[in-house]
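Participant: Requesting a structural model of the entry that follows:
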Amino acid sequence: MRTDQLASLEKIKNMTEQLSKIQMEYWQQFSHIETWGFKIVLLMFTLPLVYLYFAIDRKNIFLLGFYGFNVHVWFSYINIWGVRQGFFVYPFELIPFIPGNLALDAALIPVLFMLVYQWTINLNKNFYLYSTALSLFLSFVFKPILVSTGMFVLYKGTNYFHLFLLYCIIFLLSKFITNLFLVMQRNPRVAKGDA
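Facilitator: The predicted model follows:
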């Protein structure tokens, strides 16, 4: 490795360590387990998962779980990107070292999209229409509530329409990947030597 590259990596490592220290200090001062915000975030994490345990359609559990995991991954990536770029921040977090918001990334948002997907499958409804409706609700109702309560802060001109587009990208990518895997499952290629 070149000397200048090593020096740059060392600088990034040191700044990352310093940022982690500052994040921990912030969490201990403003977002610890005794704050009201932490308790709300904890509820946003636990309640959807408990509800999903009882509400998920067990005959489609792997399909719904795979789709929900896709939503989780894409939402997490977009949240990490948005936080690192300074477009938005979450003042209250469950874990101070994870950028974004674990409660939304891993529980509330994936569970809501999974339940919409399940509902559209079971009642033969239009997945895209109802997922768009959920995206509208999350962007123009849920996120403004988070902003008004100080649980979400927008920066750099980011607005609710931008959030709506991101939600749409998330559910479309997740559905595309899920559909791709369904096609591969229905049309398995015979492995060499199995024929």
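Participant: CA only for contacts and neighbour counts going forward, please
Facilitator: Fine.
Participant: so how many other residues sit close to S31?
Facilitator: S31: 22 surrounding residues under other CA atoms under 10 Å.
Participant: Likewise for V89?
Facilitator: 20.
Participant: Could you shift the numbering so residue one becomes 30, and keep it that way?
Facilitator: Will do, 30 is the new start, and the previous item becomes V118.
Participant: Any chance of the backbone angles for it?
Facilitator: phi -140, psi 160 (degrees, to the nearest 10).
Participant: so what's it bridging to?
Facilitator: V182 (DSSP bridges).
Participant: worst-scoring helix or strand of the chain, pLDDT-wise?
Facilitator: In the chain, the helix or strand scored least confidently by mean pLDDT, DSSP states H and E is helix 131-132, which has a mean of 83.
Participant: which residues of this protein score low on pLDDT?
Facilitator: 128-129, 219-224 (pLDDT under 70).
Participant: just the helices in it please.
Facilitator: Under the criterion DSSP state H, the chain contains helices at 32-59, 65-84, 90-113, 131-132, 138-151, 156-166, 172-177, 189-215.
Participant: Which strands or helices does the third one pack on?
Facilitator: If contacts are counted by 3 or more CA pairs under 8 Å, 6 or more residues apart in numbering; DSSP states H and E, helix 90-113 sits against strand 117-118, helix 138-151, helix 189-215.
Participant: and the angle for the longest one with helix 138-151?
Facilitator: Angle between the axes of helix 189-215 and helix 138-151 is 60 degrees (criterion: axes from the mean of the first three to the mean of the last three CA atoms, to 10 degrees).
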